[in-house]
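Novice: Provide a 3D model corresponding to the input given below.
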Amino acid sequence: MINILLCGNQKVFDGALTELISITNKTKETIKCYIFTMDVSRIKPEYTCITDEQIKFLNKVVKAKKQENEVIKLDITNLYEEEFGKCKNETAYCTPYTLLRLLADLVPEMPDKILYLDIDMMAGDDISKLYNIDVSEYEYAAVREKYGSIFIWPDYINAGMLLLNMKKIKETGLLEKARDLIKTKKMLFADQDAIYRSTTKKLLLPRIYNEQSKFNKKDTVICHFCKRLLLLPYPRTENYKQWHIEKVHKVLKCYAFDKDLEEYVKLKEEYEKEEKIYE
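Specialist: Now for the predicted structure:
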């Protein structure tokens with residue numbers, strides 16, 4: 001059993017669908033995917049929970065690969081509001097949904113080991129190669145952040161992929177300490193900074209487990225379609241996600257996930273047809 005944690009609102013559906021397609025196409029192990037969601041439409045109207053219809057469709061997709069696979073929606077709005085409502089980092093560089101992973105130790109359903117993944121990731125290989133890494137002596141395993149490890153600190157992590165040892169995390173109070181920082185100190189990279197500063201012991205993994213810039217490498221296990229900093233011909237950033245298929249091809253020159261994305265296009269059309277039927 002591979003336990004996965006995703007976080008987001010109804011707008012992460014395309015990311016969850018593409019990501020789960022890529023994962024279930026490449027691993028034979030049973031997948032249990034928890035999705036933390038919440039309604040904070042008080043901040044923005046679109047900040048609403050991922051819908052039950054979206055979860056139902058994601059379940060249908062993963063179960064078509066293996067009947068034991070499962071997607072579970074966990075609405076933790078009340079927990080978020082208790083811990084982070086109107087805090088200093090609620091309007092940080094990303095959406096408040098990035099803070100949801102910091103509540104994992106307070107959610108009873110969470111297993112002792114879970115793989116957190118950002119919604120803009122794709123599996124390039126069997127993720128059991130990552131999940132089965134021994135983290136029994138560590139709070140988590142992660143990969144260095146491409147830019148942060150140069151400009152911030154040599155062991156600064158990218159929190160888009162975290163192989164979490166929840167038992168150890170509860171012992172050391174990692175997430176509790178991170179929450180305290182979120183509530184009291186404004187930080188540039190809020191959740192990521194809070195995790196890094198609160199860490200007692202982490203395992204640093206090779207870039208293949210969170211590849212942040214080279215999208216066609218054959219040995220990549222997890223590919224991260226995160227924001228990129230480009231210096232030439234002029235300084236700028238690019239932020240194309242895996243479901244932006246035309247940009248993935250033309251700008252990123254990435255074709256490694258074409259089979260997964262072809263399946264995504266067909267399934268997205270199927271989902272949209274089903275939605276029209278029930279409107």
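Novice: how close does residue 207 sit to residue 86?
Specialist: Look at residue 207 and residue 86: by Cβ to Cβ, to the nearest Å, they are 37 Å apart. Heads up, the C-betas are built off the backbone N, CA and C, glycines and all.
Novice: Those two: which is more packed in?
Specialist: When residue 207 and residue 86 are compared for neighbours, residue 207 comes out ahead with 19 against 9, by other Cβ atoms under 10 Å.
Novice: measure that one to residue 222 for me?
Specialist: 10 Å.
Novice: tell me the contacts of the residue lying closest to residue 225 once chain neighbours are set aside?
Specialist: Nearest residue to residue 225, sequence neighbours excluded (Cβ to Cβ, 6 or more residues apart in numbering): residue 120, at 4.4 Å. For residue 120, the contacting residues are 15, 160, 224-226, 241-242, by Cβ atoms under 8 Å, 6 or more residues apart in numbering.
Novice: can I get those in TSV with secondary structure, neighbour count and pLDDT?
Specialist: Formatted as TSV, those follow (DSSP: H, G, I helix; E, B strand; the rest coil; neighbours: other Cβ atoms under 10 Å; pLDDT from 0 to 100):
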residue	secondary structure	neighbour count	pLDDT
15	helix	21	98
160	strand	22	96
224	strand	24	97
225	coil	29	95
226	coil	21	87
241	coil	18	94
242	coil	27	96
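Novice: pLDDT on stretch 92-111, on average?
Specialist: The average pLDDT within stretch 92-111 is 92.
Novice: Check stretch 193-209 too.
Specialist: 97.
Novice: and for that stretch, what are the contacting residues?
Specialist: Residues contacting stretch 193-209 (Cβ under 8 Å, 6+ apart): 89, 102, 130, 133, 135, 137-144, 153, 155-157, 159, 161-163, 168, 172, 174-175, 177-179, 181-182, 187, 217, 219-222.
Novice: Could I get the full set of strands for the stretch 101-250 of the chain?
Specialist: Counting by DSSP state E, counting those that start in this stretch, one finds strands in the stretch 101-250 of the chain at the ranges 113-117, 121-123, 140-144, 157-165, 202-205, 222-224, 228-230, 236-238.
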